[in-house]
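Asks: From the sequence below, what's the structure:
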Amino acid sequence: MLVVGSRNSSNSVRLVEVALGAGAKASYLIDYASEIDPAWLDGVTTVGISSGASVPDELVQGVLSLLAERGFNNVDEVEPVSEDMFFALPAVLR
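Replies: You can find the predicted model right below:
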């Protein structure tokens, strides 16, 4: 599992922990595709990707591009949990 996000982001750090807790054999926190160690992909047939809440899409796309260059070009977008929470504005702001 590759998590795109900053090491000082509690959200991104937690995503790594959740991946490992959910059974990922390995999970790595990276800021950029260039940080991916090719050894991480040895013998791997499936790579999961997630990102922190404020990560720019271009950084995730960079990871996807690098993986495609290494033969991981079959991409399935998965939404494991439907996010349907709604937070109303405080009365003072309405």
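Asks: mind listing the strands for the protein?
Replies: If DSSP state E is used as the criterion, the strands of the chain fall at 2-4, 28-30, 49-51.
Asks: Just checking: what are the partner strands of the first one?
Replies: Yep, that's strand 2-4 we're talking about. Neighbouring strands of strand 2-4 in its sheet, by DSSP bridges, are strand 28-30 (parallel), strand 49-51 (parallel).
Asks: So which residues make contact with that strand?
Replies: 12, 15-16, 19, 27-31, 36, 47-52, 55, 59-60, 63 (Cβ atoms under 8 Å, 6 or more residues apart in numbering). Quick note: C-beta positions are derived from backbone N, CA and C, even for glycine.
Asks: for the last one, same thing?
Replies: Residues external to strand 49-51 that are found in contact with it (Cβ under 8 Å, 6+ apart): 1-5, 12, 15, 19, 59-60, 63-64, 67.
Asks: how does it look with 6 Å?
Replies: Strand 49-51 is contacted from outside by Leu2, Val3, Val4, Gly5, Leu15, Val60, Val63, using Cβ atoms under 6 Å, 6 or more residues apart in numbering.
Asks: leaving aside the residues next to it on the chain, what's closest to the fourth one?
Replies: Same thing as Gly5. Closest residue to Gly5 apart from its sequence neighbours, by Cβ to Cβ, 6 or more residues apart in numbering: Ser12 at 2.7 Å.
Asks: do you know which of the strands paired with strand 2-4 lies nearest Val92?
Replies: Closest to Val92 of those is strand 49-51 (Cβ to Cβ; 33.0 Å).
Asks: Name the residues of the closest one that come out as buried.
Replies: In terms of neighbour count (16 or more other Cβ atoms under 10 Å), strand 49-51 has its buried residues at Ile49, Ser50, Ser51.
Asks: Tell me the one among these nearest to Asn73.
Replies: Closest approach to Asn73 among the buried residues of strand 49-51 (Cβ to Cβ): Ile49, at 13.2 Å.
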